[in-house]
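*Asks:* I'd like to go over a predicted model; first the sequence, then the structure.
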2 protein chains.
Amino acid sequence: MPSNDLHAYLNASFDRHVAELTDLLKIPSVSTDPGHEADMRAAAGFVRDRLAGLGFSANVRETGGHPLVQAELVSGADRPTILIYGHYDVQPAEPLELWNTPPFEPKLTGAALIARGASDDKGQFYAHIMAVEALLATGGDPGVNIRFLIEGEEEIGSPNLDAYIREHLNELRADAVIISDGAMVAPGVPSLTYGLRGLAYVEVRVTTADRDLHSGAYGGAVPNAINVLARMIAALHDEDGRVTVPGFYDSVLELDDAERGLLARVPFDEAAFLGDVGVRAGMGEAGRSVLERISTRPTLDVNGIGGGFQGAGSKTVIANSAMAKISCRLVPDQDSGDITARLGAWLRELAPTGVKVDVTDLGAGEPAITSLDAPAVKAAAAALHEAWGKEPVFVRTGGSIPVVNTFQQLLGAPVVLLDMGLPSDNVHAPNEQFGLECYRRGIHAAALMIRRMGETD
Amino acid sequence: MPSNDLHAYLNASFDRHVAELTDLLKIPSVSTDPGHEADMRAAAGFVRDRLAGLGFSANVRETGGHPLVQAELVSGADRPTILIYGHYDVQPAEPLELWNTPPFEPKLTGAALIARGASDDKGQFYAHIMAVEALLATGGDPGVNIRFLIEGEEEIGSPNLDAYIREHLNELRADAVIISDGAMVAPGVPSLTYGLRGLAYVEVRVTTADRDLHSGAYGGAVPNAINVLARMIAALHDEDGRVTVPGFYDSVLELDDAERGLLARVPFDEAAFLGDVGVRAGMGEAGRSVLERISTRPTLDVNGIGGGFQGAGSKTVIANSAMAKISCRLVPDQDSGDITARLGAWLRELAPTGVKVDVTDLGAGEPAITSLDAPAVKAAAAALHEAWGKEPVFVRTGGSIPVVNTFQQLLGAPVVLLDMGLPSDNVHAPNEQFGLECYRRGIHAAALMIRRMGETD
């Protein structure tokens, strides 16, 4: 069936596609709030029913926490299989007073649908369901086995997902995993994310004495835990903004010419990126652009610090202990365990004699990168090109999505991040929205990608 | 009257002196607790009545806060006048469960009287009242005009004292001010404190962006407020432990040979001083002994720091602002206003371009030093020598007592710090105590000092 039949069907169906998403957005499926237990089940049921209506074998599955929806539509044992992951749970809507319209009464403007979860992630995963519907309505068998895994605990850290995947590997195996749960680089710029940073996160506590001391009686002669910690933190970067942890950069993949070329094609306005959040002067590794710094380079940031007297006014105390939370964003091929160990050892080495240093591992995640040669990536790129009428940009993003690594590790499949949202979607914030153009072209691109996967086999 | 009459009288009276102090210690005059309003008045009344009983013109005076006791015993218009300052208020006794005996049921052991306020400051100022009693009982006119100013708000920062002194200058003028509200260097070591450190205290806040940022999306390219603040703090000391604020040491008086000689006579065990509080290795200005560092040298300590996420677990945030409270202990002839201004300017200079720095003045106090040639100091030294049977040591201490500077400024009189307590008195802590030997010899020394002041005129 020619492509324009699909296009015509999507155009004719778009109002209904918006109406269906609107119904899903009305369900306040806030995963962190025990008061929304029934809403969680209602949202899962909604998704299950819609997939079942398309002919999927679809089930609501228990996880120990909120249930997830698993569904499958078989094309043939010799056909490729794709797994589409998403999540039906949403962030809390608070602070409610900052919303212009009630968060669970979706508001349709000329350009966007405004509701909690519109972009993150109901709109994005529902686009895939609408894409499958269109393929089935216009062409019959899409030529690939399609699996859906739509969980309900992404916003609370997916505590049960890893175990579920491990226990249901056979039902989830796929040749490619497709996730739409992020933002394009800019409006009108179709984007494929092929790399994510990982994370190594520790807490360090320095202890200098048995008790807090009077700054008059002891000041000047004893180590001050806060001053000591500040010096240690200061020593974690050199004058060029590079992290001083020995061996920190040993495993970092430098960009090759091909990746440099892709990076150069990304439309990125450094001044606007920094200015939008009130940063007057960027800061980072010397000799690297802002885009490199936030996507292809590892970092070290202190995420929290505390010690001594933080109340109003003054107290002349020398704290005997102080704490900092320190995390590194990692890039391929850094290993989070290796970096955590190196960072801990370096912190202990930086401490003065006699100062006790305790380093606690607060969690980690591996960086991820998907080969640009993977058939699914090529299919996605071609689909985006056709749906948007322009070539997509390929980006590595600075954040971490733990489930990406989980899928890569457990399923051994490439993960394609087909971002449909926009940076301005107010994700996790009041007045979350999903652009209608993003939804429309997202459905189109998702359908074209599936069709290409079916054709390319 | 020969000195041994006084001595004999004191020996014969000591049990009663202890009993009187015990009665005063039973009054829970906790100034910070509004529930002890009546106890404050009871304690003030107790002191007023005792002084009136000795023939003083004694009054309880209102201050706007807790009342104070002012009293005067006139010897003659041509006689020297001394002003004895102390405070009848005490610290809260909490945590009560750590007291071995109830804090307001004084417990007499063979060596000490245990109660809240025993050393700080009821025992020490009451020793002066008992000294005057003994002088009157054994010799009649002590030969000096004696004034008492016993306030009730020292433990809450003496908020009304300065105004009171300003408004009653004529009633308070004196040739010397005597304060006993501190500790001798060590047991059995009579000590005269002739110098105190001052204080310059600021809060600095750095702001790097309009809002907190996601460490994945922005990490590596924007200034991190905590990292920036840590680098600024680290830069406040050089590798020799000296403060880098430009001009910081310009006005510091170096010790002359005479002071060096006094310092050398102070029995001070560096290892014990540090080891007692669990400090394994001292830290401070290179080339200076621990005793110099804590008494004759200016310092800079961070007293508190806070920024970003300090809760349990991890949060991948880049805080847009972070705060530190920073104080300097000052020595003669540093000026707190000058140092506060220099520190603020230096902090602003240390900040990277584009980072906002706000410095708030949180209070200050001037360092103080009393000339060793002042007649009152010589009288106190001779009195201590006679009362203890050994020469006193002369010390400058690291803490600050704001009222010392107030008296020096407003009355223009030398302030003699006749410390009677011990470092082990558990001041501000559970099981506060006052050694009986300290009380006995404190009364004796106070009486001898007054007598010498009367003789030396």
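*Replies:* Arrived safely.

*Asks:* C-alpha only now, for contacts and for neighbours.
*Replies:* Fine.

*Asks:* so which elements touch the top helix by length along chain A?
*Replies:* Longest among the helix segments of chain A by residue count, using DSSP state H, is helix A:3-25. In terms of contacts (3 or more CA pairs under 8 Å, 6 or more residues apart in numbering or on different chains; DSSP states H and E), helix A:3-25 is packed against helix A:123-139, helix A:436-456.

*Asks:* can you put those helices in JSON lines and add distance to B:L135, mean pLDDT and mean neighbour count?
*Replies:* Listed next are those as JSON lines, based on distance: least, CA to CA, whole Å; pLDDT from 0 to 100; neighbours: other CA atoms under 10 Å in any protein chain shown:
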{"stretch": "helix A:123-139", "distance to B:L135": "92", "mean pLDDT": "97", "mean neighbour count": "24"}
{"stretch": "helix A:436-456", "distance to B:L135": "96", "mean pLDDT": "94", "mean neighbour count": "23"}
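
*Asks:* assess the claim that A:V277 and B:D210 are in contact.
*Replies:* Yes: the criterion here is CA atoms under 8 Å, and A:V277 meets it with B:D210 at 5.4 Å.

*Asks:* between the two, which is the more surrounded one?
*Replies:* Looking at A:V277 and B:D210 with other CA atoms under 10 Å in any protein chain shown, you find the greater number of neighbours at A:V277, namely 17 against 14.

*Asks:* so that one: helix, strand or coil?
*Replies:* Under DSSP: H, G, I helix; E, B strand; the rest coil, A:V277 falls in the coil class.

*Asks:* using CSV, lay out the helices and strands packed on helix A:3-25 together with distance to B:P187.
*Replies:* Converted to CSV, the helices and strands packed on helix A:3-25 look like this (distance: least, CA to CA, whole Å):
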stretch, distance to B:P187
helix A:123-139, 77
helix A:436-456, 81
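
*Asks:* of these, which is nearest B:A387?
*Replies:* helix A:123-139 (87.9 Å; CA to CA).

*Asks:* and the closest one with helix A:436-456, angle?
*Replies:* 50 degrees (axes from the mean of the first three to the mean of the last three CA atoms, to 10 degrees).

*Asks:* quick check: what element follows helix A:123-139 along the chain?
*Replies:* strand A:145-151 (DSSP states H and E).

*Asks:* so who does A:L436 touch?
*Replies:* Contacts for A:L436 (CA atoms under 8 Å, 6 or more residues apart in numbering or on different chains) come out as A:111-113.

*Asks:* wait, A:A379
*Replies:* Contact analysis of A:A379 by CA under 8 Å, 6+ apart lists A:449-450, A:452-453.

*Asks:* which one among the residues you listed gets closest to chain B?
*Replies:* Distances from chain B to the contacts of A:A379, taken as CA to the nearest CA, are shortest for A:M449 (27.4 Å).

*Asks:* show me the shaky parts of chain A.
*Replies:* A:1-4, A:456-457 (pLDDT under 70).

*Asks:* mind splitting it into its structural domains?
*Replies:* A:3-196+A:367-456, A:198-252+A:298-365 (automatic domain parsing).

*Asks:* which one of these lies nearest to B:T101?
*Replies:* Using CA to CA, the domains of chain A put domain A:198-252+A:298-365 closest to B:T101, at 23.5 Å.

*Asks:* export the contacts of A:L436 as JSON lines, with columns for distance to chain B, neighbour count and secondary structure.
*Replies:* Shown next, in JSON lines, are the contacts of A:L436 (distance: CA to the nearest CA, whole Å; neighbours: other CA atoms under 10 Å in any protein chain shown; DSSP: H, G, I helix; E, B strand; the rest coil):
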{"residue": "A:A111", "distance to chain B": "26", "neighbour count": "12", "secondary structure": "coil"}
{"residue": "A:A112", "distance to chain B": "24", "neighbour count": "18", "secondary structure": "strand"}
{"residue": "A:L113", "distance to chain B": "25", "neighbour count": "24", "secondary structure": "strand"}
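
*Asks:* and of those, the nearest to B:W346?
*Replies:* Of those, the one sitting nearest to B:W346 (CA to CA) turns out to be A:A112, at 50.2 Å.

*Asks:* now that closest one, nearest residue through space, not along the chain?
*Replies:* Of all residues beyond its chain neighbours, the one nearest A:A112 is A:G435 (4.2 Å), with distances taken as CA to CA, 6 or more residues apart in numbering or on different chains.

*Asks:* ok, that neighbour to A:Q310 distance?
*Replies:* 44 Å (CA to CA, to the nearest Å).

*Asks:* okay, these two: which has more neighbours?
*Replies:* Higher neighbour count among A:G435 and A:Q310: A:G435, with 23 against 18, using other CA under 10 Å.

*Asks:* quick one: contacts for the more buried one?
*Replies:* By CA under 8 Å, 6+ apart, the residues touching A:G435 are A:111-113, A:421-422, A:425.
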